[in-house]
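Novice: Sequence isn't available, so here's the structure alone:
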């Protein structure tokens with residue numbers, strides 16, 4: 001039967017108000033509630049559709065932890081439908097592909113990684129022009145849908161505002177007038193300019209025969225022109241601006257951005273630890289203080305966005321409009337407290353151990369290993385081994401964290417974006 005005690009425990013764990021109408025919940029809150037209800041029934045099988053869609057990174061990991069705990073403690077099998085394999089590969093061991101009511105493929109996940117390859121290509125057939133127009137129509141619909149997602153709006157428009165008129169600040173989805181003007185010739189021109197040998201690194205990880213793999217790579221890639229390495233121009237100039245969008249929604253969504261270190265800087269290791277401590281998980285300073293202790297937000301977390309020439313440290317929060325100012329003051333107060341008082345050795349040890357554990361576990365994934373080594377070689381001209389990353393993380397000290405936050409997270413050098421009832425800020 002229904003496990004009421006289990007239900008109430010998880011509702012408290014996720015800070016969901018059991019007396020509140022479900023219709024007033026955000027998309028992410030409804031997702032969490034559905035998982036809680038499913039788990040509380042004690043069912044052996046739980047069928048989930050796009051479970052992690054709409055969840056912030058902290059809540060996404062919390063839901064995965066609940067699934068893992070249930071699997072280990074009792075006879076429980078979650079069946080999760082998703083369009084994103086990377087959301088599932090750290091908790092699933094078997095995968096199936098469905099099409100028109102039938103099963104096209106059913107296989108062990110690791111086995112599938114070793115034997116299935118993905119290739120993207122541009123076809124020269126002019127008959128594909130109509131298919132291109134159809135695909136552009138889908139993209140234009142997605143741009144309209146994006147306008148209905150305040151979580152996405154606040155992140156991307158803040159980056160656009162602080163890096164005004166720079167490619168790093170452009171919307172990923174693009175602007176409708178530009179997208180609707182795409183032609184086969186323009187896409188082919190773009191492909192010919194950037195998809196050249198000097199811009200490509202081929203990274204392979206997993207169970208394979210090296211000689212056969214090299215033959216396969218030569219067969220498919222020898223014909224690619226050498227070309228020239230792309231010149232990304234000048235670095236963006238950070239602008240501490242305020243961007244607002246009035247929207248009739250239940251909650252206010254805010255995002256703070258601070259100019260930060262680049263992807264090539266040695267400070268990136270300090271950034272990783274600082275983010276973990278400040279807002280990177282459910283045990284972080286911001287989450288514990290502002291969500292757990294003060295109860296001011298539904299969601300709050302931080303993250304870094306680093307590129308070759310620039311970087312940002314960002315903090316996101318969602319709250320009732322009337323609590324917007326309180327949340328803002330609480331965020332800066334907690335940042336100031338860390339800068340003035342520093343962090344404890346225990347906090348630092350826990351953060352470093354957690355980051356190192358995530359790196360080691362992530363390295364077990366063939367995809368993560370392939371992607372990480374490839375990006376490292378492309379950006380830094382060398383593949384950084386896991387051991388080096390672990391050592392550099394271990395070397396981060398509490399004073400490094402304090403100096404890092406003092407250097408970058410200053411209120412007068414902060415960009416702010418808000419979506420919702422902007423009268424409260």
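Specialist: Nice, thanks for sending it over. Keep in mind that this is a model prediction, so the values were computed, not measured.
Novice: Surely residue 267 and residue 274 touch.
Specialist: No - Residue 267 is beyond contact range of residue 274, at 9.3 Å (criterion: Cβ atoms under 8 Å). Backbone N, C-alpha and C define where each C-beta goes, glycine included.
Novice: list residues touching both of the two?
Specialist: Residues within reach of residue 267 and of residue 274 at once, by Cβ atoms under 8 Å, 6 or more residues apart in numbering, are residue 404.
Novice: The two: which has the busier surroundings?
Specialist: Higher neighbour count among residue 267 and residue 274: residue 274, with 28 against 20, using other Cβ atoms under 10 Å.
Novice: pLDDT-wise, which helix or strand of this structure ranks last?
Specialist: Every helix and strand in the chain was compared by mean pLDDT, DSSP states H and E; the lowest is helix 109-115, with a mean of 58.
Novice: how about the closest residue to residue 411 other than its chain neighbours, secondary structure?
Specialist: Among residues not flanking residue 411 along the chain, residue 332 sits closest, at 5.4 Å (Cβ to Cβ, 6 or more residues apart in numbering). Using DSSP: H, G, I helix; E, B strand; the rest coil, the structure places residue 332 in helix.
Novice: Tell me the spacing between residue 332 and residue 299.
Specialist: 18 Å (Cβ to Cβ, to the nearest Å).
Novice: Specify which residue of the two has the higher count of neighbours.
Specialist: residue 299 (22 against 16).
Novice: Show me the beta-bridge partners of the more buried one.
Specialist: residue 318 (DSSP bridges).
Novice: quick one: it and residue 327 touch, right?
Specialist: No - assessed by Cβ under 8 Å, residue 299 is found out of contact with residue 327, at 10.9 Å.
Novice: tell me, what's touching the two both at once?
Specialist: The contact lists of residue 299 and residue 327 share residue 317, where a contact means Cβ under 8 Å, 6+ apart.
Novice: what's the neighbour count on residue 423?
Specialist: Neighbour tally, residue 423, other Cβ under 10 Å: 11.
Novice: swap in residue 404?
Specialist: So residue 404, with other Cβ under 10 Å, has 21 neighbours.
Novice: what do you get for residue 9?
Specialist: For residue 9, using other Cβ under 10 Å, the count is 13.
Novice: Any figure for the gap between it and residue 61?
Specialist: 18 Å.
Novice: what stretches of the protein score poorly on pLDDT?
Specialist: 54, 56-58, 83-91, 99, 109-127 (pLDDT under 70).
Novice: where along it do the strands fall?
Specialist: 45-49, 77-81, 94-99, 102-108, 242-246, 252-259, 299-306, 311-319, 414-420 (DSSP state E).
Novice: export these to TSV and tack on distance to residue 154?
Specialist: Formatted as TSV, these follow (distance: least, Cβ to Cβ, whole Å):
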stretch	distance to residue 154
strand 45-49	26
strand 77-81	28
strand 94-99	33
strand 102-108	38
strand 242-246	8
strand 252-259	5
strand 299-306	12
strand 311-319	7
strand 414-420	5
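Novice: and of those, who's closest to residue 21?
Specialist: Proximity to residue 21 (Cβ to Cβ) singles out strand 311-319 among these, at 17.8 Å.
Novice: okay, the angle between the closest one and strand 414-420?
Specialist: Here strand 311-319 points in a direction 30 degrees away from that of strand 414-420 (axes from the mean of the first three to the mean of the last three Cα atoms, to 10 degrees).
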